[in-house]
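**Student:** Pasting the sequence and the predicted model now:
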Amino acid sequence: MAKYIVYGGNKLEGEITLKGAKNSVLPVIAATILNEGESIIHNVPNISDVKVMIDILTHIGCYVKMEDGTLIINTKNVNSSEIPEKFVRKMRSSIVLLGAMVGRFGYTKISYPGGCEIGPRPIDLHLKSLSQMGVKVEEIHGFINCTRENLRACDIHLDFPSVGATENIMFAAVKAKGITKIYNAAKEPEIVDLANFLNAMGAKIKGAGSSCIEIIGVKKLYNVEYRIIPDRIVIGTYLVAGAITKGKIIINDVIPEHISSIVSKLKESGCEIEYIGNKVKLVAPKTIKSIEIIKTHPYPGFPTDMQAQMMALMTLGSGTCIVSENIFENRFKHCDELIRMGANINVNGKFAIIKGVERLMGTKVRSSDLRGGAALVLAGLAASGCTEVENIHHIDRGYEAMEKVLNSLGANVIRA
Ligand SMILES: CC(=O)N[C@H]1[C@@H](OP(=O)(O)OP(=O)(O)OC[C@H]2O[C@@H](n3ccc(=O)[nH]c3=O)[C@H](O)[C@@H]2O)O[C@H](CO)[C@@H](O)[C@@H]1O
Ligand SMILES: C=C(OP(=O)(O)O)C(=O)O
């Protein structure tokens, strides 16, 4: 298993350009199945989740080519509508293929995704919504069989604004007869990106980014060329890298609105942040102030996917910070590892109380999930001595060559 060896203590300085959002590109790749033709997608990150998605599409008979951040997919000759368990096990979010496969073929069999490192992740909202649209859902021996005669457009009220459920409904609704309305839809920028991609293919979707999305079903979709939006979570992670090392960094190609909840918290920690056109510049304070409270919420609230990285920063704060995790039940696994590095953290249910310490010390730690792993690397950048972060395959799911990006800013991180 690969690991990172992080030699802490270097101030990060410089300018970086990053790739597109993982949480946009994964459903966008799934969406290409709805069109029986070619899609060209730019700004695609070279991360392992994208590779798994490419493997799935190749497995079902698509032509896929990835070169220099551009993905060319032709889904004309798909010859299988089943997604084997080995893929779903590698990437839970392959569940978004459900709506796309049903939309195109009227049938799919997909392995049940189960829980993951950050807690149980049920898909009841996905299945309930597809059933409402006329899809017959059968759960047999860990597999989900979905069949439909006619997809029915209808009004769907989500109990929670689930990102994945909103995406699956959008996929099915694009090919359903009539108008589907999703109430209490997820408002994440990646939902808007997906809607823009589908509309560029000929779909008729209005309201994405608000809590009510309206989809008018269409018979046919067309070839498309599209650029994925910047990854607000990856950008946030590198902003924290600048802050935790008391550095000064500029990140190109950002959408300010998408990172505003992250920037607002970083400002509370004493960072100076300004936008210069589509760049964001961060200058870290001499002393990191503890943020009183960080509560995760669906967009436009503070993202759960930035909770662990922000916590790494707060371990070195000047006072006490309370983190309240409101999206996932078990997203505090990084805390024990940060404690091994000298952090003072107490977890109580969905709350973590972080009392800032003077310094962190490098040691051996293990990443158990994507963002928790990123948080350990961030802590290692600021720690004295050497931090070994094991199990970095989790980090590779969502960060393209993290060591190269950090080293280009002056860090000393080795992949071993
Ligand atoms: C690939 C992708 O885009 N992943 C993102 C997506 O995950 P994902 O789409 O899985 O997240 P959801 O918004 O669906 O889940 C949020 C919460 O709703 C619960 N839930 C969800 C569906 C369901 O049918 N039943 C149910 O109870 C989940 O257990 C969780 O507690 O949004 C999350 C929340 O912003 C992010 O952390 C993930 O990075
Ligand atoms: C939880 C995440 O992703 P996924 O839903 O793909 O597991 C994440 O990106 O932090």
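**Tutor:** That came in fine, so what should we check first? Ligands and ions are numbered 1, 2, ... in the order given.

**Student:** Just the helices from the stretch 101-250 of the chain, written as ranges.
**Tutor:** Remark: helices assigned in the stretch 101-250 of the chain by DSSP state H, counting those that start in this stretch are 124-132, 163-174, 189-200, 232-244.

**Student:** need those helices in JSON lines with distance to residue 226, can you?
**Tutor:** C-beta here means a position set from N, CA and C on the backbone, and glycine is covered the same way. Listed next are those as JSON lines, based on distance: least, C-beta to C-beta, whole Å:
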{"stretch": "helix 124-132", "distance to residue 226": "24"}
{"stretch": "helix 163-174", "distance to residue 226": "15"}
{"stretch": "helix 189-200", "distance to residue 226": "5"}
{"stretch": "helix 232-244", "distance to residue 226": "18"}
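
**Student:** and of these, who's closest to residue 6?
**Tutor:** Residue 6 lies closest to helix 232-244 among those, at 10.9 Å (C-beta to C-beta).

**Student:** still on that earlier bit, can you lay out the helices of the stretch 101-250 of the chain as CSV showing mean neighbour count, distance to residue 22 and mean pLDDT?
**Tutor:** CSV is the format used below for the helices of the stretch 101-250 of the chain (neighbours: other C-beta atoms under 10 Å; distance: least, C-beta to C-beta, whole Å; pLDDT from 0 to 100):
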stretch, mean neighbour count, distance to residue 22, mean pLDDT
helix 124-132, 19, 19, 95
helix 163-174, 28, 12, 97
helix 189-200, 22, 9, 98
helix 232-244, 26, 8, 98
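
**Student:** how about the ones you listed in CSV, adding distance to ligand 1?
**Tutor:** Shown next, in CSV, are the helices of the stretch 101-250 of the chain (distance: least, C-beta to the nearest ligand atom, whole Å):
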stretch, distance to ligand 1
helix 124-132, 3
helix 163-174, 3
helix 189-200, 6
helix 232-244, 7
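
**Student:** looking at the ones you listed, which is closest to ligand 2?
**Tutor:** Shortest distance between ligand 2 and the helices of the stretch 101-250 of the chain, using C-beta to the nearest ligand atom, is found for helix 232-244: 6.3 Å.

**Student:** could you dump that closest one to PDB, C-alpha only?
**Tutor:** Taking C-alpha atoms only, helix 232-244 is exported to PDB below (Å, rounded to 0.1, in the frame of the first residue of the first chain):
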ATOM      1  CA  ARG A 232     -14.200  23.700  -4.600                       C
ATOM      2  CA  ILE A 233     -13.100  21.000  -2.100                       C
ATOM      3  CA  VAL A 234      -9.600  20.500  -3.700                       C
ATOM      4  CA  ILE A 235      -9.200  24.300  -3.800                       C
ATOM      5  CA  GLY A 236     -10.300  24.500  -0.100                       C
ATOM      6  CA  THR A 237      -7.800  21.800   0.800                       C
ATOM      7  CA  TYR A 238      -4.900  23.700  -0.800                       C
ATOM      8  CA  LEU A 239      -6.000  26.900   0.800                       C
ATOM      9  CA  VAL A 240      -5.800  25.200   4.200                       C
ATOM     10  CA  ALA A 241      -2.300  23.900   3.200                       C
ATOM     11  CA  GLY A 242      -1.300  27.600   2.700                       C
ATOM     12  CA  ALA A 243      -2.900  28.600   6.000                       C
ATOM     13  CA  ILE A 244      -1.500  25.700   8.200                       C
END
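
**Student:** angle of that helix against helix 189-200?
**Tutor:** Taking axes from the mean of the first three to the mean of the last three C-alpha atoms, to 10 degrees, one finds that helix 232-244 is oriented at 140 degrees with respect to helix 189-200.

**Student:** which parts of this protein sit against ligand 1?
**Tutor:** Listed as neighbours of ligand 1 in the chain under the rule C-beta under 6 Å from any ligand atom: 23, 26, 93, 121-126, 160, 162-165, 186, 304-305, 327-328.

**Student:** filter those down to the ones close to ligand 2.
**Tutor:** Filtering the residues of the chain next to ligand 1 for proximity to ligand 2 (criterion: C-beta under 6 Å from any ligand atom) leaves 93, 305.

**Student:** Just the strands from the stretch 301-416 of the chain, written as ranges.
**Tutor:** Assigned by DSSP state E, counting those that start in this stretch, the stretch 301-416 of the chain shows strands spanning 320-324, 344-348, 351-355, 364-366, 386-390, 412-415.

**Student:** strand partners of the last one, parallel vs antiparallel please.
**Tutor:** Here the strand partners of strand 412-415, with direction, are listed using DSSP bridges: strand 3-7 (antiparallel).

**Student:** Averaged pLDDT, the strand it pairs with. What do you get?
**Tutor:** The pLDDT scores in strand 3-7 average 98.

**Student:** neighbouring contacts of that strand?
**Tutor:** For strand 3-7, the external contacting residues (C-beta atoms under 8 Å, 6 or more residues apart in numbering) are 362, 377, 380-381, 383, 385-392, 395, 402-403, 411-416.

**Student:** For this structure, name the helix or strand with the lowest mean pLDDT.
**Tutor:** Lowest on mean pLDDT, DSSP states H and E among the helices and strands of the chain sits helix 85-90, with a mean of 87.

**Student:** so what does that helix touch, helix or strand wise?
**Tutor:** On a contact count with 3 or more C-beta pairs under 8 Å, 6 or more residues apart in numbering; DSSP states H and E, helix 85-90 meets helix 48-59, strand 107-111.

**Student:** Quickly, which of these bottoms out on average pLDDT?
**Tutor:** Taking the mean pLDDT of the helices and strands packed on helix 85-90, strand 107-111 comes last: a mean of 91.
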